[in-house]
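> Could you look at this predicted model? Sequence included:
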Amino acid sequence: MYMKKPVIGILAPRRFDKKDPFECQTRFVDNFPKRIIEAGGIPFGLLFPDENFNEEEMKLCDGLVIQGGPHLGSSHLCALHYACIHKIPVLGVCLGMQTMVGYEWFRQNNKTINYKIIAENFNYNDEKYYLYDKKGHNNLDPFIIDQIDKTKHKVFIDSESIIYDIYQKNVLSVPSLHNSMVKEELLNKESALFKVTGFSEDGVIEVLESKSDWWCVGVQFHPELENENLKLFKELVRKSIKE
């Protein structure tokens, strides 16, 4: 029986420069579509100019990857909100995992949440409420692929987690390139959507997962950089196949 390949939407960060329209860009990292193709999926770039979320684009997606980058916008939260409502599998990487925490913070501070409310009330500068900076965690800046081993550190994985089921390991050695860290107190609340299932040696949160049956995994490290992490993308693709 022929099985249709799932379409995996990729949400990338944007740059804004009102003075120069050629610097208003959505920046996709090639390694994400590469891994999706290798894993058996079809990559699809999600474009939300001026942060205007388009639900029709999301309807084309069977799964979602929120890639890393420097800028978290309201369209990130809207896309994650759509995925949560419709139970679309999600893999968040670096900024993508931070999107999960930004969404958690927004949920906890708004009685009602919808795309309009997110668009009108989410502010990038509010990240101080759910992220903090920590020196010494990022060992290589700027990043150079030939020196990837310098970026690696151990991540300790909860045995009762999606990530453990995929890797069958309690300790991973992974490249990690971020300067902003997730605040744990938001995730300690009983009402939180997500739980922590992986920490680095210095106590930084490196893995988040949905508490429910919604397949949503966030990793602060960068699995797209190494072939041995293809299994994570394969599981996302497998979960995104429509029966």
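In hand now; what should we look at?
> where does the chain dip in pLDDT?
1-3, 135-144, 243 (pLDDT under 70).
> mind listing the strands in it by residue range?
For the chain, the strands defined by DSSP state E occupy 7-11, 14-15, 25-26, 42-46, 63-66, 90-93, 131-133, 152-157, 171-175, 180-182, 194-200, 205-210, 216-219.
> So what are the sheet partners of the longest one and their directions?
It stands for strand 194-200. strand 152-157 (antiparallel), strand 205-210 (antiparallel) (DSSP bridges).
> Single out the most deeply packed of these.
Most buried of these, by mean neighbour count (mean count of other CB atoms under 10 Å): strand 205-210, with a mean of 24. For the C-beta atoms, the positions are set from N, CA and C on the backbone; glycine is no exception.
> Was I right to think Glu184 contacts Ile205?
Yes. Here Glu184 reaches Ile205: they are 6.1 Å apart, a contact under CB atoms under 8 Å.
> dump the residue contacts of Phe122.
If you count contacts by CB atoms under 8 Å, 6 or more residues apart in numbering, Phe122 has them with Gly73, Ser74, Leu77, Gly102, Phe106.
> So which of these are in helices?
Ser74, Leu77, Gly102, Phe106 (DSSP state H).
> Give the full set of residues in contact with the residue most central in space within the chain.
Among the residues of the chain, the one closest to the centroid is Gly92, at 1.6 Å (CA atoms, centre = their mean). Contacts for Gly92 were tallied using CB under 8 Å, 6+ apart; they are Val65, Ile66, Leu80, Gln98, Thr99, Met100, Leu208, Cys216, Val217, Gly218, Val219.
> mind redoing it with 10 Å?
11, 64-68, 76, 80, 83, 98-101, 103, 194, 208, 216-220 (CB atoms under 10 Å, 6 or more residues apart in numbering).
> before we move on, what about Gln108?
Tyr129, Tyr130, Leu186, Lys189, Ser191, Ala192, Leu193.
> neighbours around Ser180, how many?
Neighbour count of Ser180, defined by other CB atoms under 10 Å: 18.
> Equivalent analysis for Leu186, please.
17.
> wait, doesn't it sit right on Val101?
Yes. At 6.2 Å, Leu186 counts as touching Val101 under the criterion of CB atoms under 10 Å.
> Need the residues touching each of these two.
With CB under 10 Å, 6+ apart as the test, Leu186 and Val101 both reach Tyr129, Tyr130, Ala192, Phe194.
> Select, from those residues, the two members most distant in space.
Spanning the widest gap among these are Tyr129 and Phe194, at 15.8 Å by CB to CB.
> The two: which has the busier surroundings?
Phe194 (22 against 15).
> what sits against that one?
92, 97, 100-101, 103-104, 182, 186-187, 208-212, 216-218.
> for this structure, what spans make up the helices?
Counting by DSSP H, residue ranges of the helices within the chain are 31-38, 55-58, 74-86, 95-108, 115-121, 162-167, 230-240.
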